[in-house]
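Visitor: Build the 3D model from these lines:
(one chain, ligands or ions: 1)
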Amino acid sequence: MGIVLQTDRLVIRRLLLSDLDSLFALYRDPDICRHIPDAPRTIAEARVELEWHMNGHPQHPELGLWATIDKDTGNFIGRCGLLPWTFDGQAEVEVAYALAKGYWGRGLATEAAQAIRDHAVGALGLARLICLIDPDNQASIRVAEKIGMAFEREGRDTIGPFHLYSQGRSAQHL
Ligand SMILES: CC(C)(COP(=O)(O)OP(=O)(O)OC[C@H]1O[C@@H](n2cnc3c(N)ncnc32)[C@H](O)[C@@H]1OP(=O)(O)O)[C@@H](O)C(=O)NCCC(=O)NCCS
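Guide: Next comes the predicted model:
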C-alpha cells in the first residue's frame, strides 16, 4: 500500500485520507510547528496538504510528503519526504521531516532522513539535496548534519529567514 521505503524501525509510505486526523494532530502541536511556519493551521488546510501529496507531488510524483509509521505499533508518528522548490531559478529538492513529540530523541528522524537521502540519491538519482532550516532549530540542524549536509548559505523567503544546508553538487535540474 504505497510503501516508499522501510528502515529497521519505520515504514515510510504514501499518505492516505485516513491519515488526516493523525496528520492534523501533529500540526496542532506548537512545538512541531514552531519551526515550520507554513504548516497547516486548520484541519481543512491539513486535508489540502494531504490530498496534494497523496499520489506524490503533482508535478513530481516521485517526490512528496509521506506518512512515517512506527513498525512496532503501526502508529502514524510523523510526516517526512522530499519536496521540490525553486530558488534563484534553480530546482532544488528538500529532505523534510517532522515527528510527533513522543517519538523525539530516539534517533528516528535521523533514521528516516538517512533512508530518504539514500532513496533520493540511489533510486531517484538526485545529485543534490537541501534542507531549509530555521536557524534556531538545533534538532533539525543536527539531523541534517548527521545525514551529511553542511551549511551553505542564509536565505529569506515569504515565510521568513532560513539556513540552507546541502549535500552534493551545486546545480541540479529535475
Ligand atoms: C527535528 C526532529 C525531526 C528531530 O527528531 P528526533 O527523532 O528527535 O531526532 P534524532 O533523535 O534523530 O536526533 C538527531 C540529533 O539531534 C539532536 N537533538 C535532538 N533534539 C535536540 C535539541 N532540542 N537540541 C539540540 N540537539 C538536539 C540529537 O541529540 C541527535 O544528535 P546526536 O546523535 O549527535 O546526539 C524533531 O525534533 C521534530 O519533529 N521537530 C519539529 C518539526 C521540525 O522542526 N522539523 C524540521 C523542520 S526543518
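Visitor: tell me which parts of this protein are close to the ligand?
Guide: 32, 35-36, 97-99, 104-110, 133, 137-140, 142-143, 146 (C-beta under 6 Å from any ligand atom). For the C-beta atoms, the positions are set from N, CA and C on the backbone; glycine is no exception.
Visitor: Buried subset of these, written for PyMOL?
Guide: The PyMOL selection below is limited to those of these classed as buried (16 or more other C-beta atoms under 10 Å):
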select buried, resi 32+35+36+97+98+99+108+109+110+133+137+140+143
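Visitor: biggest strand in the protein by residues?
Guide: For the chain, the strand reaching the highest residue count under DSSP state E is reported as strand 76-87.
Visitor: Which other helices and strands does that one contact?
Guide: strand 10-14, helix 20-27, strand 64-70, strand 90-99, helix 108-121, strand 128-133 (3 or more C-beta pairs under 8 Å, 6 or more residues apart in numbering; DSSP states H and E).
Visitor: Out of the ones you listed, indicate the one that is most buried.
Guide: Highest mean neighbour count among these (mean count of other C-beta atoms under 10 Å): strand 64-70, with a mean of 24.
Visitor: Check which helices and strands that strand is in contact with.
Guide: strand 10-14, helix 43-53, strand 76-87, strand 90-99.
Visitor: what about 7 Å?
Guide: strand 10-14, strand 76-87 (3 or more C-beta pairs under 7 Å, 6 or more residues apart in numbering; DSSP states H and E).
Visitor: Run through the neighbouring helices and strands of the first one.
Guide: Using 3+ C-beta pairs under 7 Å, 6+ apart, the elements in contact with strand 10-14 are strand 3-6, strand 64-70, helix 108-121.
Visitor: relative to helix 43-53, how tilted is it?
Guide: Angle, strand 10-14 to helix 43-53, by axes from the mean of the first three to the mean of the last three C-alpha atoms, to 10 degrees: 90 degrees.
Visitor: For strand 10-14, what is the distance to the chain centroid?
Guide: Put simply, strand 10-14 sits 12 Å off its chain's centre (C-alpha atoms, centre = their mean, to the nearest Å).
Visitor: which neighbours does it have in its sheet, and in what orientation?
Guide: strand 3-6 (antiparallel), strand 64-70 (antiparallel) (DSSP bridges).
Visitor: tell me the mean pLDDT for the shortest one?
Guide: In this model, strand 3-6 has an average pLDDT of 97.
Visitor: Return the set of buried residues in that strand.
Guide: For strand 3-6, a neighbour-count test (16+ other C-beta under 10 Å) marks Val4 as buried.
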